[in-house]
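> What shape does this take:
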Amino acid sequence: MQISADKKSGSFHLKFLVGTVISALVLCVGGCMAGRQCSAHAASPNTVARPCSNPNCPFHGQRTQPEYRPNEPQLSQHYVSSSIRQASYQEPAVKTVASPELLKPWNLEEIRRTNTPYRLVSDNEAPVGDGKVPPPTGGISRLVGGTTATQPAQKPKAASGSARLPIFDLGKDIAKEFRPSNDRKWSPNHAVLQTAEFSRGPDGDRVTVRNVRYSLYENEENYKTRYYNATYKLDDIRTLDLIIVPFRSMPRVAHIESSFGFADGRYLGMSIEARYEDGEKYDPVGAGMNQFELIYVFADERDLIRLGTDVHKNDVHVYRLRFEPHEVRAMFVDALQRANKLAEKPEFYHPLGNSCVTNLIAHINKGRPNAVPKEYRTLLPGLMDNYFYDLKLIDTAATSFKETKENAKVNWLVDKYGDLEWFSAGIRQNMY
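Numbering: from 1, shown residues only. The predicted structure is shown next:
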């Protein structure tokens, strides 16, 4: 009796399970069929849809596909979710967009909200409508609540249905932003990279520096940028000068520059900086989060020094460093090779690990190993002159650092010599 009861109980459970599975399959198939298009609307996107005669189809009596255009990419059926299909469907107005970039998933919400399909147009066809532009690239502030000079950043919106979640595209964009690039809309002063070409002639090794910058400033926003090429004999290099531009509000924070002097009296300034996009300004938080690329600016001294004195209204100090010509040559060549490398493989600027201070010290130590050991003053650029004085690297006849610093200030000499050809010699008259 017990065995018979168990068999009946097992048979009952088996029938109940089979019935449940069959019911689920029926509901699933019915739900899928309710959301499917009929054969007329399942046609390829590049064909003209036939009028629908199926009364159960949500698009009954409508033509849902755009007209055929040869060689024109079409928006995938993937973007027309069943969630926007209604029995009271009306003929939509078709918007056009000029780029597949505009069809990224964060526009799906508008597609569903307005029930308006999009299609792509060819390059020679003017776009119609007001398709939204996706968030711009160029730094983490553009991805997390930041703004640019042209438009605010947009937060990707969630998509539902069969569309891919925008988090995947956001992940790709974040990955792209965390890769440094030389291909952005740069500030005019940082738009052109300086590079070097080394050659050997009968009179020795030479280097031609391409695109030496010489900007003429009216103010920080208005200036004219010019460039020229300059050729130097490496055997003619003589001196290296340290240029410190302390910030008025925080004197212990400064921008560090340098200048290479040659036997013929010419000087070539070098400024290692955060590279700005158009409309950007320096942001210490953003600098620590890969907001800026790194750039080596080789420029005329009348550009670099007058930018600090006349435009930014800061004090500028120029110190002659105690290095032999062959050491300065090694530093100069190392800096130019670094600039060439950045032109091919860009890097991010970082205020602690890849800045004006860290790179200049690396070049100095290339010419004279361990000439500038790391210590706390290398983290405070405004104290770099005091550190170099203690290392006995500053060539001065003064008996104290205070006197040395006073003699190195060149603001009044910059005002005196302005744009004259002997500008570089004039601002150094207190060195001799």
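> Per-residue pLDDT of A49, please?
Model confidence at A49, expressed as pLDDT, equals 43.
> Now do the helices in this protein.
2-35, 108-114, 166-177, 284-287, 301-306, 325-344, 356-367, 384-390, 401-408, 411-417, 423-426 (DSSP state H).
> Contacts for the last one next, please.
Pointing back at helix 423-426 there. 259, 261, 265-267, 301-302, 413-414, 416-417, 420 (CB atoms under 8 Å, 6 or more residues apart in numbering). All C-beta spots, glycine's among them, are computed from the backbone N, C-alpha and C.
> Could you pick out the buried ones from those?
Buried members of these, counted by 16 or more other CB atoms under 10 Å: 259, 261, 267, 301-302, 413-414, 417.
> Out of those residues, give me the two with the largest separation.
Spatial extent of those (CB to CB) is set by the pair G261 and V414 at 17.3 Å.
> And for stretch 378-394, what's in contact with it?
242, 244, 246-247, 250-256, 317, 319-323, 352, 356-358, 361, 371-372, 375, 377, 396, 401, 404-405, 408.
> 7 Å instead?
With CB atoms under 7 Å, 6 or more residues apart in numbering as the test, stretch 378-394 has contacts from 242, 244, 246, 251-256, 317, 319, 321-322, 357, 361, 371-372, 377, 401, 404-405.
> Quick check: end-to-end length of it?
16 Å (CA to CA, to the nearest Å).
> For it, buried residues please.
For stretch 378-394, by 16+ other CB under 10 Å, it's 378, 380-389, 393-394.
> Render the CA-only coordinates of stretch 349-358 in PDB, please.
Provided in PDB are the C-alpha atoms of stretch 349-358 (Å, rounded to 0.1, in the frame of the first residue of the first chain):
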ATOM      1  CA  TYR A 349      51.300  65.500 -16.800                       C
ATOM      2  CA  HIS A 350      51.300  64.800 -13.000                       C
ATOM      3  CA  PRO A 351      52.300  67.400 -10.500                       C
ATOM      4  CA  LEU A 352      54.300  64.900  -8.400                       C
ATOM      5  CA  GLY A 353      55.500  62.300 -10.800                       C
ATOM      6  CA  ASN A 354      55.800  63.900 -14.300                       C
ATOM      7  CA  SER A 355      56.100  67.700 -14.000                       C
ATOM      8  CA  CYS A 356      58.400  70.600 -14.800                       C
ATOM      9  CA  VAL A 357      60.500  69.800 -11.600                       C
ATOM     10  CA  THR A 358      60.800  66.100 -11.900                       C
END
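> What residues sit buried inside that stretch?
Per 16+ other CB under 10 Å, stretch 349-358 contains these buried residues: 349-351, 354-358.
> just stretch 283-299 next, same as before
286-287, 290-299.
> Same question for stretch 411-430.
411, 413-414, 417, 423-424, 427-428.
> What are the contacting residues of stretch 302-310?
213-215, 217, 245, 257, 269, 271, 314, 316, 410-411, 414, 419, 423.
> go on, stretch 194-207?
208-212, 231-235, 296-298, 336, 339-340, 343.
> Let's see that with 10 Å instead.
Contacts with stretch 194-207, where a contact means CB atoms under 10 Å, 6 or more residues apart in numbering, come from 208-213, 227, 229-237, 268, 270, 295-299, 329, 332-333, 335-340, 342-344.
> From one end of that stretch to the other, what's the distance?
First-to-last residue span, stretch 194-207, CA to CA: 13 Å.
> Could you give the average pLDDT over that stretch?
93.
> same check, this time on stretch 415-423
91.
> can you give me the strands in the stretch 201-350 of the chain?
Ranges of strands in the stretch 201-350 of the chain, per DSSP state E, counting those that start in this stretch, are 204-217, 223-233, 237-246, 254-262, 267-275, 293-299, 317-320.
> Give me the below-cutoff pLDDT ranges for the chain.
Scanning the chain for pLDDT under 70 picks out the ranges 1-177, 432.
> let's see 90
Within the chain, the segments meeting pLDDT under 90 span 1-178, 201-204, 220-221, 248-252, 284, 378-379, 418-419, 421, 429-432.
> of all the contacts of stretch 302-310, which comes closest to S187?
S215 (11.0 Å).
> Count the residues that sit near the closest one.
19 (other CB atoms under 10 Å).
> likewise the one 10 residues further on?
By the criterion of other CB under 10 Å, T225 has 16 neighbours.
> what sits opposite it in the beta ladder?
Taking DSSP bridges as the rule, T225 bridges to S215.
> doesn't W186 make contact with it?
No: assessed by CB atoms under 10 Å, T225 is found out of contact with W186, at 11.1 Å.
> Which residues are in contact with each of the two?
Counting by CB under 10 Å, 6+ apart, the contacts common to T225 and W186 are V192.
> got the contact list for W422?
G265.
> Sorry, slip of the keys, the one I care about is A371.
321-323, 327, 331, 361, 364-365, 388, 391, 393.
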